[in-house]
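Participant: give the three-dimensional model of this entry:
(2 chains)
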Amino acid sequence: MHTISSWLGHWIAPTSALLLKYNKMSVLVNTDSAIIVPVYNEEQVICSVVESLHKQFKYVVCVDDGSKDGSAYEIKKTKAYLIEHPINMGQGAALQTGIEFASQLPVDYFVTFDADGQHRIEDVQAMLNKIKTDEYDIVLGSRFLGKAIGMRKSKEIILKLAIRFSNATSGIKLTDTHNGLRVFNRHVAETMQITMPDMAHASEILEIIATQNYRYTEVPVTIEYTDYSRAKGQTLINAVNIGFDTLLRKVTK
Amino acid sequence: MIIIIQIVVIVLAGVIAAVTLGNRSTHSGKAWKKIALVLLAISMIIAVIFPEVTNTVAHFVGVGRGADLLLYATVVAFILYALNNYLHQQDQRDALYRLARKVAIIDANERYDVREK
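Facilitator: Below is the predicted model:
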């Protein structure tokens, strides 16, 4: 049997901790959104990325996709939730795991955010404002409506080709189809089932948007490429894998 | 005459691909695959016992030699096998990944009290 004081204490403690945080930093900490960060071999940057997210968001969910480096150890230093894949399964699989875990949290909105630090937190806030005021189901970031700082010409060509391919196969038209920054509501989180484990998930998500008739829009975002994020980028030859799997999925379903 | 074999091979390959890949996991799909396998075995036995038969069939559909016809059949069968195998592998991978996801989430739920709603 709980006494009333311990019962009260149980509820007041987290609230006051939050207020303390609020006073110290004088920024409102967002508690109605969960940030989902798929992580694979990001030990150099993950700690600072998660900590900067934590300044503005209470719920940060990191999915370590079987990293071979110290990513999990770095995440444990922070207050983020850490979900560990026992084996490496790919970014799409990590996102699905993150979405399923985050659905258990008391939040209304879900954000997918790349771990390499190329996204801006201001953009997340703008996208959250958009989804809250204009009643969209899902808001997608677009670097081609916004800015892509330090993007190599070769990367731009690959992306433009990917956009054409995706627009032709997915059933919806966008200006940026492979942007890791997405904001969506609980309806989307509970109905979206990403089955493509690797990078083909980006096209698959758009197909799901089309078939489920989610209300969607794009918001301009800034992506800042660093030497670090450039080194981790996708190669042209991998586009062959993605294209093959995407077309085969269409044939066999 | 040469046009017959082309139409036959292409149409047959398309139909077989659509039927086997589309009904991959159903009982009838699996059954058809077994029937096809048995038919293939029977026709191989016939081809070995009566080699002239392949030549006759080849001439009938417009292919020069029976050996060429066998080669075409082998290529079609191999491509189907490879595709079927690839898809089967992907199904198994999906099952493995769903299992791994479940394990990861159960493990995380033990560490965090997420039912604070």
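
Participant: A helix includes residue A:143, no?
Facilitator: No: Residue A:143: not assigned to a helix; according to DSSP: H, G, I helix; E, B strand; the rest coil it is strand.

Participant: buried residues, stretch A:109-126. List them.
Facilitator: The neighbour-count check on stretch A:109-126 (16 or more other Cβ atoms under 10 Å in any protein chain shown) flags A:109-121, A:123-124, A:126 as buried. To be clear about C-beta, it is placed using only N, CA and C from the backbone, and glycine gets the same treatment.

Participant: now the terminal residues of it, how far apart.
Facilitator: The first and final residues of stretch A:109-126 sit 13 Å from each other (Cα to Cα, to the nearest Å).

Participant: whether it contacts chain B - can you check?
Facilitator: No: remark: stretch A:109-126 sits outside contact range of chain B, by Cβ under 8 Å from any Cβ of the partner chain, the gap being at least 14.2 Å.

Participant: now that stretch: mean pLDDT?
Facilitator: For stretch A:109-126, mean pLDDT is 92.

Participant: returning to that earlier point: mind listing which of the buried residues of stretch A:109-126 are in helices?
Facilitator: Among the buried residues of stretch A:109-126, the ones falling in helices (DSSP state H) are A:121, A:123-124, A:126.

Participant: could I get the residues you listed as CSV with distance to residue B:113?
Facilitator: Putting these into CSV (distance: Cβ to Cβ, whole Å) gives the following:
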residue, distance to residue B:113
A:121, 27
A:123, 31
A:124, 26
A:126, 32
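
Participant: ok, the residues you listed vs chain B, which is closest?
Facilitator: Comparing those against chain B with Cβ to the nearest Cβ places residue A:124 closest, at 21.7 Å.

Participant: list the contacts for the closest residue in space to that closest one that isn't next to it in sequence?
Facilitator: Nearest residue to residue A:124 in three dimensions, chain neighbours excluded: residue A:111, at 5.6 Å (Cβ to Cβ, 6 or more residues apart in numbering or on different chains). By Cβ atoms under 8 Å, 6 or more residues apart in numbering or on different chains, residue A:111 lies in contact with A:33-36, A:57, A:124, A:127-128, A:181-183.

Participant: with residue A:127 instead?
Facilitator: A:111, A:139, A:141, A:181, A:183, A:219, A:221.

Participant: kindly report the same for residue A:118.
Facilitator: Applying Cβ under 8 Å, 6+ apart to residue A:118 gives the contacts A:180, A:223-226, A:229.

Participant: quick one: pLDDT of residue B:84?
Facilitator: On the pLDDT scale, residue B:84 gets 82.

Participant: centre of the chain versus the host helix or strand of it, how much separation?
Facilitator: Taking DSSP states H and E as the criterion, residue B:84 maps to helix B:66-111. On the basis of Cα atoms, centre = their mean, to the nearest Å, helix B:66-111 sits 12 Å off its chain's mean C-alpha point.

Participant: ok, what's across the strand from the residue most central in space within chain A?
Facilitator: Among the residues of chain A, the one closest to the centroid is residue A:112, at 1.2 Å (Cα atoms, centre = their mean). Beta-bridge partners for residue A:112, by DSSP bridges, are residue A:36, residue A:182.

Participant: I'd say it and residue A:180 touch.
Facilitator: Yes: the pair residue A:112 / residue A:180 is scored as a contact, 6.1 Å apart, by Cβ atoms under 8 Å.

Participant: look at residue A:57 and say how many residues are nearby.
Facilitator: The number of residues packed near residue A:57 is 24, by other Cβ atoms under 10 Å in any protein chain shown.

Participant: distance of it from chain B?
Facilitator: As judged by Cβ to the nearest Cβ, to the nearest Å, residue A:57 and chain B stand 16 Å apart.

Participant: just the strands in chain A please.
Facilitator: Counting by DSSP state E, chain A has strands at residues A:30-39, A:57-64, A:81-84, A:109-112, A:138-149, A:182-185, A:216-224.

Participant: up against chain B, what does the stretch 1-150 of chain A have?
Facilitator: Counting by Cβ under 8 Å from any Cβ, the stretch 1-150 of chain A sits next to chain B at A:63, A:81-87, A:89, A:93, A:96-97, A:100-101, A:104-106.

Participant: one more pass at 10 Å, please.
Facilitator: Selection of the stretch 1-150 of chain A residues close to chain B by Cβ under 10 Å from any Cβ of the partner chain yields A:11, A:14, A:59, A:61, A:63-66, A:81-90, A:92-94, A:96-98, A:100-107.

Participant: tell me, what's touching residue A:112 and residue A:180 both at once?
Facilitator: By Cβ atoms under 10 Å, 6 or more residues apart in numbering or on different chains, residue A:112 and residue A:180 have these common neighbours: A:37-38, A:91, A:95, A:119, A:141.

Participant: list just the nearest of the residues you listed to chain B.
Facilitator: For these, the closest approach to chain B (Cβ to the nearest Cβ) belongs to residue A:95, at 10.9 Å.

Participant: so for stretch A:89-105, mean pLDDT?
Facilitator: 95.

Participant: and what of stretch A:43-51?
Facilitator: The predicted model assigns stretch A:43-51 a mean pLDDT of 92.

Participant: tell me which residues in that stretch are buried?
Facilitator: Of all the residues in stretch A:43-51, those buried under the rule 16+ other Cβ under 10 Å are A:43, A:45-47, A:49-50.

Participant: list the contacts for residue A:102?
Facilitator: Applying Cβ under 10 Å, 6+ apart, we find residue A:102 in contact with A:33-36, A:59-61, A:63, A:81, A:83, A:109-112, A:186, A:189, B:114.

Participant: skipping adjacent residues, who's closest to it in space?
Facilitator: Leaving aside its sequence neighbours, residue A:102 sits nearest to residue A:34 (Cβ to Cβ, 6+ apart; 4.0 Å).
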